[in-house]
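[1] All I have is the shape, not the residue letters:
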C-alpha cells in the first residue's frame, strides 16, 4: 500500500490532511501550463486553419503548443508516479459519499485526458509530419508519416481537448461549490490558504 504523503492541519471541521507540497506543486504547475496551452491552441488554429495565415507568428504558436504539450505530458507522468508512490490524503471528512465518487471519477478522467490529448497531438504532428520545434530541434518520429491519417488524429485531439476543457470547468465549479456553498475544506487540501482554520 502507498503511504500518504500529506500534512495534518487543524480546521473548523477537525483535522484535515492536505496534499503534500510536492503534489501541490505538480497540480499548480499543470494548471499554469494549461492556462497558457489552451489559448495558444485556440489562437494558432484560428490563424492557421481559419484565416490561413502561415507566418512566423503562426509557426511559433504551433511550436510553443507542441513543446508545452510534451512538457505537460511528462509532468503528468511524474505526478501520477508520485501519486502511486505517496498516495493522496483522505477525503475531506464532511463530504457526502456521492461527492467522493464524483471526485474519483473526475480525477480519473482528468488524468486520462491529460495523457491521451498530448499523445494524440504528438501522433498527429508525427504523421503530418511537423516535428520541428522553433527550428532548433525536432521531436522523434516514432510513427510513420501519413498525412491523411493525421487529419483524423488531429480531429480526435481536438475532441479530447474539448472534453478536457469541460472536465476542467467541472473541476473548478466543484471546488467553488465546496468553498462558497458548502463552506468545507475541500479546496484547502490543494490550496492551504483557503483552509478554514480554527
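    Done, it's in. Quick caveat, the model's predicted, so the values are computed rather than measured.

[2] Can you report how many residues neighbour residue 177?
    Using other CB atoms under 10 Å, residue 177 has 14 neighbouring residues. All C-beta atoms are positioned from the backbone trio N, CA, C, and that covers glycine.

[3] give the contact list for it.
    For residue 177, no contacting residues are found, by CB atoms under 8 Å, 6 or more residues apart in numbering.

[4] And it, how far from residue 186?
    To residue 186, residue 177 is 9 Å away according to CB to CB, to the nearest Å.

[5] before we move on, what about residue 16?
    For residue 16 relative to residue 186 (CB to CB), the value is 9 Å.

[6] what's the answer for residue 135, then?
    From residue 135 to residue 186 the distance is 45 Å (CB to CB).

[7] out of these two, which sits in the busier spot?
    Just comparing residue 135 and residue 186: by other CB under 10 Å the higher neighbour count belongs to residue 186, 20 against 10.

[8] Just to check, that one is in contact with residue 171?
    No - in this structure residue 186 lies outside contact range of residue 171 using CB atoms under 8 Å: 11.2 Å.

[9] What helix or strand is the spatially most central residue of the chain located in?
    In the chain, the residue lying closest to the centroid (CA atoms, centre = their mean) is residue 114, at 4.9 Å. Using DSSP states H and E, residue 114 falls within helix 97-127.

[10] Buried residues in that helix, which are they?
    99, 103, 109-110, 113-114, 116-118, 120-127 (16 or more other CB atoms under 10 Å).

[11] got any ranges where this structure has weak pLDDT?
    1-6, 13, 198 (pLDDT under 70).

[12] Let me see the ranges of the strands in it.
    Per DSSP state E, the chain carries strands over the ranges 6-11, 14-19, 132-133, 137-138.

[13] most packed of the ones you listed?
    The highest mean neighbour count among the strands of the chain, using mean count of other CB atoms under 10 Å, belongs to strand 14-19: a mean of 18.

[14] Direction included, what does it pair up with?
    strand 6-11 (antiparallel) (DSSP bridges).

[15] thinking again about what came up before, which residues do residue 16 and residue 186 both contact?
    Jointly contacting residue 16 and residue 186 under the rule CB under 8 Å, 6+ apart are residue 92.

[16] In JSON lines: the strands of the chain, plus distance to residue 34.
    Shown next, in JSON lines, are the strands of the chain (distance: least, CB to CB, whole Å):
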{"stretch": "strand 6-11", "distance to residue 34": "24"}
{"stretch": "strand 14-19", "distance to residue 34": "18"}
{"stretch": "strand 132-133", "distance to residue 34": "19"}
{"stretch": "strand 137-138", "distance to residue 34": "24"}
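
[17] who wins for proximity to residue 155 among those strands?
    Closest to residue 155 of the strands of the chain, according to CB to CB: strand 132-133, at 22.1 Å.

[18] what's that closest one packed up against?
    Where contact means 3 or more CB pairs under 8 Å, 6 or more residues apart in numbering; DSSP states H and E, strand 132-133 is packed against helix 56-86.

[19] my guess is residue 10 meets residue 197, correct?
    Yes - counting by CB under 8 Å, residue 197 is a contact partner of residue 10 at 6.6 Å.
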